[in-house]
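Engineer: What follows is a predicted structure for the sequence shown.
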Amino acid sequence: MTLVMIGFNYQTAPLDLRERFFLAGDDLRRAATALHRETLAEVAILSTCNRLEIYANTPDAEQTTEKIVTCLADHASLSAAQIETHLQKLANREAADHLMRVATGLESLVLGESEILGQVAQAFRQAREAGTVGAVLSRLFQEAIHAGKRARSETAISQHTLSVSHAAVWMAKRQISNLAHANALIIGAGRMAELAARALKANGVDSIRVVNRNFWRASDLAERVGIEALEWTQHESALREADLIITATSAPQPILNADNLLVARNSAHPLVIVDIAVPRNVSRDVHDLPNVELYDIDDLQSVVENHRALRQSEAAQVETIISEALQDYLGWMNSRNAVPTIVALRQKAEEMAALELERAFHRLPDLNEQEREVVMQMAYRIVNKMLHAPTVALRERAAKDEHYTYLHAMRKLFDLEGES
């Protein structure tokens, strides 16, 4: 079996491509189930605004990789050749190491950002609910999530961290000279919208409104943060009054374009829009409007780099945590290599014990049930005691990747060659 990871992220693929592959909700579950059925493998999919990564444990890595690439290309109505150059492909140790780096925040656009750990945990939970993961991916994700929690609790990697939502507000501060006096409008009511609202509040912005198609979600967010919620029917008037708009909805298509902004706004009024959604909430034709500055999630890179140095010194400690988690996972994986030999040895010993018990009982026909039970227990206790030490030794050697000589010797000594 081979562990593989195939995917895109903000370093390998532009936003134009990434947003075509964003999967959420039912689409994510259907994709995982279809790949599981196609590849006869364990499958888990991590889908965020900055990455789409498919993890699989499969008996045929080449065929599975080919099917995953084909499925991705078909999903976006592209050819495999069009996406190949943007794909990252990793196997076994490198794939496991990568997931742990992702979970600890080392692979994030914002180094050390905390949101990714919850997203990794959610990906694992969704895969379990869909029934597409088994022992290997379960162990891998559990180790990665544990490493992520350790990174947050044992190091300062997430201190002074800057979420994508916070980076959006920092971008706005660059463009709006007096942000505290700006009229801010947040479109969306999810986690990223809430973080943006809190970041605006922390920067002294007094006029913050939130609008969402589902008013009760907007109202709930507004109550938690202490801002104003608007009905969706009020969004055009809110657009007219806004100096800053941050969009963060899960809509699959743009909700703002040049036409509806032109209808709603005075073209002489300056406006900054920061679109942190994937797929994007704002159509690219908005770039052509006068007095409108539009930024998307990839434009935040320059803001993020200014804060990366604050957390870079903690990365070495996180690397140590990852190394420990990776060794635990690889040790567990190696120990699985010893299982067929251990099973074969135990099966052979138990078959021999059963045969000798049958002969003994044939020669001792007068034993009652209690006496027969005592003899049977004695025989199987001897088997267990004899096998305990070699089983423990083999597992320990396997965990250290030193088991191949021991496996060969044990199979030879106990004549297990044909009993894998």
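Structural biologist: Here it is on my side, so go on.
Engineer: what's near enough to touch the closest residue to Gln119 other than its chain neighbours?
Structural biologist: Excluding its sequence neighbours, the residue lying closest to Gln119 (Cβ to Cβ, 6 or more residues apart in numbering) is Thr48, at 5.0 Å. (Glycine included, C-beta is placed from N, CA and C.) When contacts are counted by Cβ atoms under 8 Å, 6 or more residues apart in numbering, Thr48 is found next to 116, 119, 278.
Engineer: low pLDDT regions in the stretch 251-400 of the chain?
Structural biologist: For the stretch 251-400 of the chain, applying pLDDT under 70 flags the ranges 306-313, 398-400.
Engineer: Please give the number of neighbouring residues around the nearest residue to Phe21 once chain neighbours are set aside.
Structural biologist: Distance criterion Cβ to Cβ, 6+ apart; nearest residue to Phe21, sequence neighbours excluded, is Leu52 at 4.7 Å. By other Cβ atoms under 10 Å, the residues close to Leu52 number 25.
Engineer: State the distance from Met192 to Phe8.
Structural biologist: Counting by Cβ to Cβ, to the nearest Å, the gap from Met192 to Phe8 is 20 Å.
Engineer: cool, and Val274?
Structural biologist: 22 Å.
Engineer: For the two, indicate the residue with more neighbours.
Structural biologist: More crowded of Val274 and Phe8, by other Cβ under 10 Å: Val274, with 27 against 22.
Engineer: Who are the packing partners of the helix or strand that Arg93 is a member of?
Structural biologist: According to DSSP states H and E, Arg93 maps onto helix 92-104. Applying 3 or more Cβ pairs under 8 Å, 6 or more residues apart in numbering; DSSP states H and E, we find helix 92-104 packed against strand 2-9, strand 51-58, helix 115-130, helix 135-154, helix 315-337.
Engineer: quick one on the thing from earlier: in contact with the residue nearest to Phe21: list those residues for me.
Structural biologist: By Cβ under 8 Å, 6+ apart, the residues touching Leu52 are 7-9, 18, 21-23, 45-46.
Engineer: Between those, which sits nearest Glu350?
Structural biologist: The closest of the contacts of Leu52 to Glu350 turns out to be Ile45 (Cβ to Cβ; 41.7 Å).
Engineer: dump the residue contacts of the one residue sitting closest to the centre of the chain.
Structural biologist: The residue lying closest to the centre of the chain (Cα atoms, centre = their mean) is Val120, at 3.1 Å. Val120 is in contact with 46, 99, 102-103, 141, 144-145, 148, counting by Cβ under 8 Å, 6+ apart.
Engineer: can we see that at 6 Å?
Structural biologist: Contacts for Val120 (Cβ atoms under 6 Å, 6 or more residues apart in numbering) come out as Ala103.
Engineer: Asp97 too?
Structural biologist: Leu326.
Engineer: and what of Ile227?
Structural biologist: Counting by Cβ under 6 Å, 6+ apart, Ile227 makes contact with 197, 208, 210.
Engineer: Need those in TSV (columns: distance to Gly331).
Structural biologist: Compiled in TSV, the contacts of Ile227 are given as follows (distance: Cβ to Cβ, whole Å):
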residue	distance to Gly331
Ala197	45
Ile208	50
Val210	48
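Engineer: Of the residues you listed, which is the nearest to Asn178?
Structural biologist: For the contacts of Ile227, the closest approach to Asn178 (Cβ to Cβ) belongs to Ile208, at 15.0 Å.
Engineer: Surely that closest one touches Arg198?
Structural biologist: No. The criterion here is Cβ atoms under 6 Å, and Ile208 misses it with Arg198 at 9.8 Å.
Engineer: what about the two, which has more around it?
Structural biologist: Using other Cβ under 10 Å, the more surrounded residue of Ile208 and Arg198 is Ile208, with 22 against 19.
Engineer: so how far is Ala379 from the residue lying farthest from the centre of the chain?
Structural biologist: Distance from the centre of the chain peaks at Asp366, with 64.6 Å (Cα atoms, centre = their mean). Distance, Asp366 to Ala379, using Cβ to Cβ: 19 Å.
Engineer: now Val278
Structural biologist: Distance, Val278 to Ala379, using Cβ to Cβ: 64 Å.
Engineer: Looking only at neighbour counts, state which of those two leads.
Structural biologist: Neighbour tally, Val278 and Ala379, criterion other Cβ under 10 Å: the higher count belongs to Val278, 26 against 16.
Engineer: Quick check: closest non-adjacent residue to that one.
Structural biologist: Using Cβ to Cβ, 6+ apart, the nearest residue to Val278 is Cys49, at 3.8 Å.
Engineer: what's the neighbour count on the one you found?
Structural biologist: Applying other Cβ under 10 Å, I find that Cys49 has 22 neighbouring residues.
Engineer: is it true that it lies in a strand?
Structural biologist: No. Under DSSP: H, G, I helix; E, B strand; the rest coil, Cys49 falls outside any strand and is assigned coil.
Engineer: so how far is Asp26 from it?
Structural biologist: Cys49 is 19 Å from Asp26, by Cβ to Cβ.
Engineer: Cool, thanks, talk later.
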